[in-house]
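# Fold the following for me, if possible:
(chains A and B)
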2 protein chains.
Amino acid sequence: MFDGPPTPEMDPAERRARVRLARSRRIGPVSFLEALQHFGSARRACRELKVVPETEIACEEQALAALGGRFLVLGDVDYPAALAAISDPPPALSAIGTFALLVRPMLAIVGAREASLAGRRFAAELAAALGQAGFVVVSGLARGIDAAAHEAALPTGTVAVLAGGIDQVYPPQHEDVQRAVAERGLLLAETPLGAPPVARSFPRRNRIVSGLSAGVIVIEAAERSGSLITAQRALEQGREVFVVPGSPMDPRYAGSNALIRDGAILVRDANDIISVFGKPQSVCQAAEKPKQIPHDSATEAVLSELGSIPTAVDELVRRCQVSAATVTEVLLALELDGRLERHRGNRVSLI
Amino acid sequence: MFDGPPTPEMDPAERRARVRLARSRRIGPVSFLEALQHFGSARRACRELKVVPETEIACEEQALAALGGRFLVLGDVDYPAALAAISDPPPALSAIGTFALLVRPMLAIVGAREASLAGRRFAAELAAALGQAGFVVVSGLARGIDAAAHEAALPTGTVAVLAGGIDQVYPPQHEDVQRAVAERGLLLAETPLGAPPVARSFPRRNRIVSGLSAGVIVIEAAERSGSLITAQRALEQGREVFVVPGSPMDPRYAGSNALIRDGAILVRDANDIISVFGKPQSVCQAAEKPKQIPHDSATEAVLSELGSIPTAVDELVRRCQVSAATVTEVLLALELDGRLERHRGNRVSLI
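As a prediction, this is how the structure comes out:
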């Protein structure tokens, strides 16, 4: 978990150093955090450690800019709080598309590549309904369930996390949907530009899908499927796991039904999910007045727990009994309104 | 709940009086118990209350005998302990078939009349597997799931509880399966001979289906279906509820999925049920040496809790952490072996 304060404008040199550190061999997400803590800054870590040359990062940044994208760096003000809160947040992500989606509450929809028509239709209906309710739909842009969820959520907001570099089209037949997400939603990739997706990239991608999300919805997960890994990571990350049940005679639901037996929440429709989180600010409201503080029960709950003494955001989430994503949203609104101050250790206070 | 001791040979006059009391107007199962407690015996209750004439009972008994059946009366040694333990046990049941099934552990399979082919096939597979594992399969002889379960469990043991009189064939197309259950399994009916099934008979029948059983398995229950009532009664009776999940897009599973959301155990196959109860004595063992005390962990558990001081059977069930049906079976085996003494208040001791 990254507990440094997001700074409205991170020092460009530090920001570049963070990407260098992230792109270096043998620096994984956890060792990145350790280096940052040990050296106090990525700049100092880059001076002390053997990292990739700055020119290489500049080159990748330029290529990314040519695609219309930029880096999203751990510590950036728009780096999602939910993702920063996992034990191994990606230090740097390539991103192309609508960055404003990052501050909204997200839910992941994942499932089988070889999904049934009924499963894909259910994924689409669920994605549309959750989008209407104000949630951004996150998935992995795979065939089957993932693609159905992304396509149905294009009008309301969707984030696709790729396993390969952000310039890699995978699977090849997804060129159109990948372009559509870049244009109307947001593409994210932890792997550097130019790197094809390899086997070990997929579970690493899955941790980002669940890490961005307040909950993960599983549709048609067979035994030993990738969706079960995503569900497992979601549980480790303290996120809700929702599962659509199916017939025990259909092997496409063997993993799904096992998850429900193990305590995951059974889903019949979008209301079974929305009722757990409460309805976030609707998309239209968000689009019309993005910086206005919502006058709702979540804001009131957060304000009642906040004062001039810094309070840990984790503690705030626990006390307010609303989702981490909602608290993040409320805090951002307060911050943009000039009423919130951030402190070290992911603590906040009212000004 | 009936807490009188089952007597190896109930006094025939008392037994007949119990049937008279049970067959009288305005004497329901609960008032039957109250009358028994208040007057000390059914004989005395029959002297004090306005009950049906003895000749009427003799006539019904004769008609029942002509069909090859007899009454099963609360207090009879073969009256199932699980059924006696509910708050409103049927005081008298007409019964035709294999009475030996009554001492074995039972599981109910219930579900939609308008079941899918897949649902009926699943019911049949489950019934066969539970039968192989040593359980008697109980159901209500309705179309769809019920009939599929009964037919598949005929070789290993099945009990059908009718809503109408035991001589009434309902639904008409079930004449063959009803005869097969009478010949190879056991038919039970609380309603007097000659009475057709009426609407209010069905929920009363359902409480017997669940009351006989250690658990109820629900397959394809729509919203507001009779199977949901059976599941509700099972929960009130302290029995396990197992549910086969299905697609939320299939209305035949709307009630099923709601039960799972409310905490019922999701079922993928027979092992999901057997693992909850442990495997009872197999059918073959039971058939070969019916009176031998099984040398298994349940017997050991019961013996370790029993001594010369009378212990309540309820208490025994709690302490041994095995099912009430298994405890009953073990106690019966001990009794037949001359090692168990029964006392008032459903208490037992070792001789």
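# A:Ile208 and A:Glu190 touch, don't they?
Yes: shown here, A:Ile208 and A:Glu190 form a contact pair, counting by C-beta atoms under 8 Å, at 6.4 Å. In short, each C-beta sits where N, CA and C put it, glycine included.
# okay, these two: which has more neighbours?
Between A:Ile208 and A:Glu190, counted using other C-beta atoms under 10 Å in any protein chain shown, the more crowded position is A:Ile208 (29 against 24).
# mind checking the SS state of the more buried one?
For A:Ile208, the secondary-structure state derived from DSSP: H, G, I helix; E, B strand; the rest coil is helix.
# what's near enough to touch it?
A:Ile208 makes contact with A:83, A:90, A:93, A:161, A:188, A:190, according to C-beta atoms under 8 Å, 6 or more residues apart in numbering or on different chains.
# which parts of the stretch 151-300 of chain A sit against chain B?
When proximity is defined as C-beta under 8 Å from any C-beta of the partner chain, the stretch 151-300 of chain A approaches chain B at A:244-249, A:253-254, A:257-258, A:260-261, A:265-269, A:272.
# in the stretch 251-351 of chain A, what residue is nearest chain B?
The stretch 251-351 of chain A approaches chain B most closely through A:Arg268 (4.1 Å), counting by C-beta to the nearest C-beta.
# Can you pull out the low-pLDDT segments for chain A?
Along chain A, segments meeting pLDDT under 70 span A:5-8, A:281-295, A:332, A:335-338, A:343-345.
# Quick check: most distant residue from the centroid of it.
Distance from the C-alpha centroid of chain A, by C-alpha atoms, centre = their mean, peaks at A:Met249 (33.9 Å).
# how about that one, secondary structure?
Three-state call for A:Met249 (three-state DSSP): coil.
# need the contact list for it.
So A:Met249 contacts B:118, B:121-122 (C-beta under 8 Å, 6+ apart).
# Show me where the stretch 201-350 of chain A has its strands.
For the stretch 201-350 of chain A, applying DSSP state E, counting those that start in this stretch gives strands covering A:215-219, A:240-243, A:265-266, A:311-312, A:340-343, A:347-350.
# Now for A:Ile208 and A:Glu190: what residues contact both?
Residues touching both A:Ile208 and A:Glu190 comprise A:90, A:93, A:161, with contact defined as C-beta under 8 Å, 6+ apart.
# The nearest residue to the second one once chain neighbours are set aside: what secondary structure?
Here the nearest residue to A:Leu93 in space, its sequence neighbours aside, is A:Leu72; by C-beta to C-beta, 6 or more residues apart in numbering or on different chains that works out to 4.5 Å. The local conformation at A:Leu72, judged by three-state DSSP, is strand.
# The closest residue to chain B within the stretch 101-250 of chain A: what's it in contact with?
Among the residues of the stretch 101-250 of chain A, A:Pro245 lies nearest to chain B; the distance is 3.5 Å by C-beta to the nearest C-beta. Applying C-beta under 8 Å, 6+ apart to A:Pro245 gives the contacts A:253, A:256-257, A:260, A:266-267, B:245-248, B:253, B:257, B:260, B:266.
# Okay, and which of the residues you listed map to helices?
Among those, DSSP state H puts A:256-257, A:260, B:257, B:260 in helices.
# still on that earlier bit, of the contacts of A:Pro245, which is the most crowded?
Highest neighbour count within the contacts of A:Pro245, by other C-beta under 10 Å: A:Ser256, with 32 neighbours.
# That one against A:Val243, yeah?
Yes: with contacts counted by C-beta under 8 Å, A:Ser256 reaches A:Val243, the gap being 5.0 Å.
# Common neighbours of those two, please.
With contacts taken as C-beta under 8 Å, 6+ apart, A:Ser256 and A:Val243 have A:218, A:221 as neighbours in common.
# List the buried residues in stretch A:74-86.
Within stretch A:74-86, the residues scored as buried using 16 or more other C-beta atoms under 10 Å in any protein chain shown are A:74-77, A:79-86.
# So which residue is dead centre in chain A?
The centre of chain A sits closest to A:Leu212, judged by C-alpha atoms, centre = their mean, with a distance of 2.0 Å.
# if we can go back for a sec, looking at the shared contacts of A:Ile208 and A:Glu190, which one is closest to B:His150?
Ranked by distance to B:His150 (C-beta to C-beta), the shared contacts of A:Ile208 and A:Glu190 are led by A:Val161 at 51.7 Å.
# who touches the closest one in this structure?
Contact analysis of A:Val161 by C-beta under 8 Å, 6+ apart lists A:138-141, A:188-190, A:205, A:208-209, A:212.
# so what's the backbone phi/psi at it?
Phi and psi for A:Val161, reported as degrees, to the nearest 10, are phi -100, psi 120.
# Return the set of residues that bridge with it.
Beta bridges link A:Val161 to A:Leu188 when assigned by DSSP bridges.
# Spell out which parts of the stretch 1-150 of chain A neighbour chain B.
By C-beta under 8 Å from any C-beta, the residues of the stretch 1-150 of chain A that approach chain B are A:118, A:121-122.
# Any of those buried? List them.
Those of those that meet the buried threshold are A:118, A:122, by 16+ other C-beta under 10 Å.
# Tell me which of the residues of the stretch 1-150 of chain A next to chain B fall in helices.
Counting by DSSP H, the residues of the stretch 1-150 of chain A next to chain B place A:118, A:121-122 in helices.
# Let me have those in a markdown table, adding distance to A:Leu130 as columns.
Rendered in a markdown table, the data for these read as follows (distance: C-beta to C-beta, whole Å):
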| residue | distance to A:Leu130 |
| --- | --- |
| A:Ala118 | 18 |
| A:Arg121 | 15 |
| A:Phe122 | 12 |
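# Among those, which one sits closest to A:Ala129?
Nearest to A:Ala129 among those: A:Phe122, at 10.6 Å, using C-beta to C-beta.
# The residue of the stretch 251-351 of chain A closest to chain B: what's it in contact with?
A:Arg268 is in contact with B:248, B:254, B:257-258, B:261, counting by C-beta under 8 Å, 6+ apart.
# So what does it have for phi and psi?
Torsion angles at A:Arg268 (phi, psi; degrees, to the nearest 10) stand at phi -110, psi -30.
# wait, doesn't A:Arg252 sit right on A:Glu223?
No: applying C-beta under 8 Å, one finds A:Arg252 not in contact with A:Glu223, separated by 9.9 Å.
# Between the two, which has more neighbouring residues?
Set A:Arg252 next to A:Glu223 and count neighbours by other C-beta under 10 Å: A:Arg252 wins out with 21 against 13.
# of the ones in helices among the residues of the stretch 1-150 of chain A next to chain B, closest to B:Arg319?
Each of these was checked against B:Arg319 using C-beta to C-beta; the closest is A:Phe122, at 47.1 Å.
# Output stretch A:11-20 as CSV, nothing but the C-alphas.
Only the C-alpha atoms of stretch A:11-20 are listed here, as CSV (Å, rounded to 0.1, in the frame of the first residue of the first chain):
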residue,chain,number,x,y,z
ASP,A,11,7.7,17.6,-9.1
PRO,A,12,8.3,16.6,-12.8
ALA,A,13,11.8,15.3,-12.0
GLU,A,14,10.5,13.1,-9.2
ARG,A,15,7.7,12.0,-11.5
ARG,A,16,10.1,11.0,-14.2
ALA,A,17,12.3,9.3,-11.7
ARG,A,18,9.4,7.2,-10.5
VAL,A,19,8.8,6.0,-14.0
ARG,A,20,12.5,5.2,-14.4
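# Sounds good, over and out.
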